[in-house]
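Peer 1: Predicted model, plus sequence, below.
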Amino acid sequence: MTLNRGIVNNIKIKSICMKIIIYLVLPCMLLVACSGNDYKDMAQNKALPLKGTWKLISGTLIEKGDTTVTDYTKGISFIKIINDTHFAFLSHDVHNGKNADSAFSAGGGPYTLKDSLYTEHLEYCNDRQWEGNDFNFTIAITNDTLTQTGIEKVANTGINRLNIEKYSRIQN
C-alpha cells in the first residue's frame with residue numbers, strides 16, 4: 001500500500017507541476033515573446049496608418065492672436081509624402097507660376113512617431129532658415145483624413161505660431 005500511495009502522490013505532484021507550467025509559465029513566455037519592438041511597431045503602424053501620400057486641404061495658423069485660414073483646394077497644391085523613416089512636402093501654385101502669388105516650396109527629413117506624437121526634423125528646405133528645426137505635432141487619423149496640430153517655432157525668423165493642418169489621403 002505504501003508503494004501505491006507513493007506513486008499516487010508522485011502523480012499528483014507531476015499533475016500540479018504541469019498545471020503550473022500550462023496556466024502560469026507558458027502564458028508568461030508568450031507574453032514576453034510577443035512584446036518585442038517589432039510587435040509594438042506593427043501595432044503602432046496599424047493604429048496610426050501614417051505612411052502614404054497626403055494632400056493638404058486646409059491650414060490654420062494662429063499667431064499673436066491673429067488667425068489665418070488657407071484653403072489649399074484653390075490656387076495652391078500641397079502634398080506630403082511619408083514613408084517608414086522620412087517625410088517630404090511639395091507645394092506650388094496651380095497657375096504654373098503665372099500669377100503674382102506664384103510660389104514653390106519643398107522640404108523634408110526624418111520623423112519620429114510615438115503613439116500620436118509626431119515630430120518632423122526639417123533637414124532640407126528651400127527656405128534655408130527653417131532647416132535644422134524640429135516640429136512637434138499631435139496627429140489624429142480618421143478614415144482618410146489626417147489632422148496635424150502643433151507649434152511651429154523658428155527662432156531666427158521670429159516665427160512662433162500654432163499650426164493646424166488637415167490632409168486627405170491620396171488613393172493609388
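Peer 2: Ah, there it is. Given the structure is predicted, the values throughout are model-derived calculations rather than measurements.
Peer 1: Domains in the chain, by residue range?
Peer 2: Domain segmentation of the chain under automatic domain parsing yields 2-35, 50-169.
Peer 1: Check those domains for me and report the most buried one.
Peer 2: Mean neighbour count (mean count of other CB atoms under 10 Å) peaks for domain 50-169 among these, with a mean of 15. Placement of C-beta: from N, CA and C, glycine included.
Peer 1: what residues does stretch 58-77 touch?
Peer 2: 55-57, 78, 91-95, 99, 101, 103, 159-166 (CB atoms under 8 Å, 6 or more residues apart in numbering).
Peer 1: 7 Å instead, please
Peer 2: With contact meaning CB atoms under 7 Å, 6 or more residues apart in numbering, stretch 58-77 is reached by 56-57, 78, 91-94, 161-166.
Peer 1: hmm, back to that, could you identify which of the domains of the chain has the lowest mean pLDDT?
Peer 2: Set side by side, these give their lowest mean pLDDT on domain 2-35, at a mean of 50.
Peer 1: Farthest-apart pair in the contacts of stretch 58-77, please.
Peer 2: Maximum pairwise distance among the contacts of stretch 58-77 (CB to CB): 26.7 Å, between Val94 and Leu162.
Peer 1: what ranges do the strands span in this protein?
Peer 2: 52-63, 66-71, 76-82, 86-93, 104-114, 117-122, 124-125, 133-142, 145-154, 159-169 (DSSP state E).
Peer 1: re the thing from before, tell me the one of the contacts of stretch 58-77 nearest Glu131?
Peer 2: Ser91 (16.4 Å).
Peer 1: Grab the nearest non-local neighbour of that closest one.
Peer 2: Phe78 (4.0 Å; CB to CB, 6 or more residues apart in numbering).
Peer 1: and what of Phe137?
Peer 2: Gly150 (3.5 Å).
Peer 1: so how far is Glu152 from Ile62?
Peer 2: When distance is defined by CB to CB, to the nearest Å, Ile62 is 10 Å away from Glu152.
Peer 1: Which neighbours do the two have in common?
Peer 2: Arg161.
Peer 1: how close does the nearest residue in space to Tyr72 that is not next to it in sequence sit to Phe104?
Peer 2: Closest residue to Tyr72 apart from its sequence neighbours, by CB to CB, 6+ apart: Leu56 at 4.4 Å. Distance of Leu56 to Phe104, computed by CB to CB: 15 Å.
Peer 1: Kind regards, and thank you for your time.
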